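Asker: Predicted model and sequence below, questions to follow.
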Amino acid sequence: MRMRPTVALCALLLLAGIQAPASAADFKIDPSHTSIVFGVSHLGYSYTYGRFNKINKGVFTLEPGGGSFEIVIDAASVDTADAKRDEHLRGPDFFNAAQFPAIMFKSEKVSVKEAEGGSIYTVAGKMTMHGETRPVTLEMRKLGEGQSPFGDYRAGFLLQTKLKRSDYGMKSMLEGIGDEVLITISFEGVRQGQ
C-alpha cells in the first residue's frame, strides 16, 4: 500500500518531534499580580525600598522568536511607606508627578533565547520618565506559562535592571541619595481572546 506524499511527510514530522511554530498571543498585565519595586542607596549606609502601586497600561505579545512589551506606570502611586517622603518624591525634586504623570516603556525590538530556568527575553525600547526619553535594553525571564485554575491562560515574568535617575533629569540630593536605582518588576499577563 502506497502512502500519499503529504501523509508521509506529516508522519515523518510527528516522528521527528517537529511542530509548526505557535502564533502570536496577546496578553494584558494583571495589576493584582504585578509588583514594581525599586531600591536606592541612602548615604551609602543602607538601601531604601519603595514600590509603585498602580499601572495605567500593561500589555505584551509573545510570538516565536520575539514579541512586544509596553507598560505605563502611574508616577503618583510611588509608595515608600513614609507619607512625607512619598509627597517629596511626587514633587518637583524627583518625579514631578503633576507635570509628568506617567513612567512609560515601549519595546522596539524583542529577541528570545532558551535558558535553564526559563526563556530570556531581551527587550530593546524607549523609556520615558520625568519628561526625558532614553533608549533602554531590559532582560526579562519567563517564569512560567499555562492554564490557570481560574480558567484563563497566563504567562509570568521577572525583570531586573538598573538605571541612573540623573539620566532622566532627577538630580536632586545626589550627594545623599544614590544615583543608581535598582528595579525589579514581577508580573503576570492574561492571554486575550481565548
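Answerer: Noted; the coordinates are in hand.

Asker: in stretch 97-105, what counts as buried?
Answerer: Neighbour-count burial for stretch 97-105, counted by 16 or more other Cβ atoms under 10 Å, picks out 97, 100-101, 103-105. Yep, even glycine has a C-beta here, placed from its N, CA and C like the rest.

Asker: Same question for stretch 142-154.
Answerer: If you call a residue buried by 16+ other Cβ under 10 Å, then stretch 142-154 has these buried ones: 142, 145, 153-154.

Asker: Which ones among the residues you listed lie within strands?
Answerer: Cross-referencing those with the strands (criterion: DSSP state E) gives 142, 145, 153-154 as the overlap.

Asker: Now pLDDT and distance to Arg51 too, for these, in CSV please.
Answerer: Below are those laid out as CSV (pLDDT from 0 to 100; distance: Cβ to Cβ, whole Å):
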residue, pLDDT, distance to Arg51
Lys142, 95, 22
Glu145, 94, 25
Tyr153, 97, 27
Arg154, 97, 21
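
Asker: could those residues be laid out in JSON lines, adding distance to Met127?
Answerer: Below are these laid out as JSON lines (distance: Cβ to Cβ, whole Å):
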{"residue": "Lys142", "distance to Met127": "21"}
{"residue": "Glu145", "distance to Met127": "25"}
{"residue": "Tyr153", "distance to Met127": "28"}
{"residue": "Arg154", "distance to Met127": "25"}
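
Asker: now for the buried residues of stretch 142-154, which pair is the farthest apart?
Answerer: Farthest pair in those (Cβ to Cβ) is Lys142 and Tyr153. Separation: 13.7 Å.

Asker: Do you have the helices of this protein handy? List them.
Answerer: Along the chain, counting by DSSP state H, helices occupy 5-16, 83-90.

Asker: pLDDT weak spots in the protein?
Answerer: In the prediction, the chain carries residues with pLDDT under 70 at positions 1-22, 194.

Asker: Go again with 90.
Answerer: For the chain, the stretches flagged by pLDDT under 90 are 1-23, 63-66, 114-118, 150, 193-194.
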